[in-house]
Every structure is written in C-alpha cells, then in structure tokens.
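Asker: Just to be clear, the model below is a prediction. Sequence and coordinates:
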Amino acid sequence: MNENNFSTGRYSRFVNLPTIGVEGMKKIRRARVSIVGAGGLGSVTATQLTALGVGHLRLFDKDIVELSNLQRQMLYREKDVGKPKVNAAKKFLEKLNPDVKIEIIQEEVSTRNVDLVTDNVDFVIDALDRFTSRFAINKKCLESDIPFLFGAVSGLAGNVMTVVRGGACIECLFGHIDDNALPSSAETGIHPSIIQLIGSLQIAEATRVMLKEKPLLTNRLLFIDIGSMLFDSIKIKSRNKCSNAKYH
C-alpha cells in the first residue's frame, strides 16, 4: 500500500496519535508477530493487530470451533462450528484487513515445534490456557531475545505481563503450576469482558514493542478482577532457581 496515504486512509485515526505518526506506522507495517492460541485472547489480539495493520501475523491453534466458543471468541460465527479455528480465523482476518499477511499453523505448540513460534518474528503473544506450552515458548523467547507478551484469563479475572531478556519470566512466577491441577473454562466459566481487557493490554504492550519502545509491564504483573473492579500491579522479581535464570 502507499505509505503516503497513512495520514488520510485506513490507519489515519491511529497515525494521528502523537505517539504513532507516519514513521511509527511504517514500523508497525514491517512488524512480524506470532500469536499462540486462537481462542478468547487470540480473537482479541489477532483482530486488533490485524486492524492496526501489522505486516505479518502467524497464528497457531490445533482446535476446531465449538458452539460454546461463540460466546466470547469473536473470530467465529455459527457457520464455522466444526471447522479448524485457524482456517476460519484466517478468512475473517483477511476480510478485516487485506494489507496483513496471515499465516496459520494448525498445531499445538510444544518443545518439539516451538522454533516455529519464534522463527523470524519480532515478538510473541500468549493466548493460551495451558502452562506447559507457555513454559516452552517463554524459554525459547528468552533464548532468542524476543519479547513474550503473557496473558491469562479465568472466570472474572485475568493478568498480563511482558517477558524480556534481563527481567523476570513466566517460570519465575508460575513455575510451580501443574496444568493437570488447573480447572478448565468449562468449570470456571468466563466473562468476555475480562478477555477484552487482557487482550487489549497485550496489544498496548505490543504497540510499544513494534515502535521499539520499552514495554511497561516487564517485571510487573497487572492483575484485574472485574467481579470486584480490582486492578492491581504486582512487582515481580527474577527467581534464582528458575531454569531460565541465566537470561534474567
């Protein structure tokens, strides 16, 4: 597309922000990102990044669309039930903004294929609901010196944090968690508003990363509970016994 039209075309309301401008929009158009998970958080983050005009978006998810997803996963419609999430998401996102290159991988991320997540991208967004895959991505992002934008939601609460080399990581904070002991969203329920809040905060941090600015949520976990309208910022310290301690 013609960069001379940034100030008047599709991106004009964003470009006209004093913190963005034409030069900032050029950086965003060159940015490459992986989003791991195409559920609730993935719907928010993928939609917002695509609308913003990120250059290349790589989306991972192995699941198919279920009817119960439609309450909160805005990438999908009833006609998509039974289809692979990544296929339906790609069609939606390409219609939303043809400027963006959408790449899809229908796989669950593990230590076996985690290189696909970090290959030739500027940052990674976490939109998962399990920690086993998160730990693998967290480690690989630290090794590759790529920002990892963590987000998690459950019920009426959620939290968000940005991991960069030299700071605390997800394993420092959640290394003790066993996925098998965690309740599923089917058990806890989930409010779409908390997904929108956490996903939007991830994109606010992603914008800073794309503009080559320092993220604001490093060494800090932002916790939100919409049941009590509690917003809390918790300082996080690196843990010496973390298996990623050499990158802290």
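Answerer: Noted; the coordinates are in hand.

Asker: tell me the contacts of R134?
Answerer: If a contact means Cβ atoms under 8 Å, 6 or more residues apart in numbering, then R134 has D126, L128, F150, I170, F174 as its contacts. The way it works is simple: take the backbone N, C-alpha and C, and place the C-beta from them, glycine included.

Asker: Correction: the previous question concerned D232.
Answerer: Contacts of D232 were listed using Cβ under 8 Å, 6+ apart, and they are L222, F223, I224.

Asker: Which of those are buried? Put it as a ChimeraX command.
Answerer: In ChimeraX, a selection of the buried entries from the contacts of D232 looks like this (16 or more other Cβ atoms under 10 Å):
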select :222,224
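
Asker: Please, which helix or strand holds F223?
Answerer: Per DSSP states H and E: F223 is located in strand 220-225.

Asker: Surely I104 and K62 touch.
Answerer: No - in terms of Cβ atoms under 8 Å, I104 does not count as a neighbour of K62; the distance is 11.0 Å.

Asker: Compare the two and say which one has the larger neighbour count.
Answerer: I104 (19 against 14; other Cβ atoms under 10 Å).

Asker: hang on, that one is in a strand, isn't it?
Answerer: Yes - under DSSP: H, G, I helix; E, B strand; the rest coil, I104 falls within a strand.

Asker: can I get the contacts of R134 in a markdown table with secondary structure, neighbour count and pLDDT?
Answerer: Conversion of the contacts of R134 to a markdown table gives the following (DSSP: H, G, I helix; E, B strand; the rest coil; neighbours: other Cβ atoms under 10 Å; pLDDT from 0 to 100):
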| residue | secondary structure | neighbour count | pLDDT |
| --- | --- | --- | --- |
| D126 | strand | 27 | 97 |
| L128 | coil | 23 | 95 |
| F150 | strand | 27 | 98 |
| I170 | helix | 26 | 96 |
| F174 | helix | 17 | 93 |
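
Asker: do you know how far the closest residue to K237 other than its chain neighbours is from S233?
Answerer: Nearest-residue entry for K237: A168, 6.1 Å, with adjacent residues in sequence omitted and distances by Cβ to Cβ, 6 or more residues apart in numbering. With the distance defined as Cβ to Cβ, to the nearest Å, A168 ends up 14 Å from S233.

Asker: neighbour count winner among these two?
Answerer: Remark: of A168 and S233, A168 carries more neighbours, 22 against 10, as counted by other Cβ under 10 Å.

Asker: Double-check that that one belongs to a strand.
Answerer: No - applying three-state DSSP, one finds A168 to be coil, outside a strand.

Asker: Helices of this structure, start to end?
Answerer: Counting by DSSP state H, one finds helices in the chain at the ranges 12-15, 21-30, 40-52, 85-96, 115-118, 131-144, 170-174, 185-188, 192-210.

Asker: Ok, which of those helices comes nearest S228?
Answerer: Within those, the stretch nearest S228 is helix 192-210; the backing value is 12.1 Å (Cβ to Cβ).

Asker: does the residue nearest to K237 really touch L217, like I thought?
Answerer: No - the pair A168 and L217 does not pass the contact test of Cβ under 8 Å, sitting 10.7 Å apart.

Asker: about what we covered before: could you figure out how far the strand holding F223 is turned away from helix 192-210?
Answerer: Between strand 220-225 and helix 192-210, the angle comes out at 160 degrees (axes from the mean of the first three to the mean of the last three Cα atoms, to 10 degrees).

Asker: For the helix-or-strand element of the chain with minimal mean pLDDT, buried residues please.
Answerer: In the chain, no helix or strand scores lower on mean pLDDT, DSSP states H and E than helix 185-188, which sits at a mean of 83. Applying a neighbour-count criterion of 16+ other Cβ under 10 Å, one finds S185 buried in helix 185-188.
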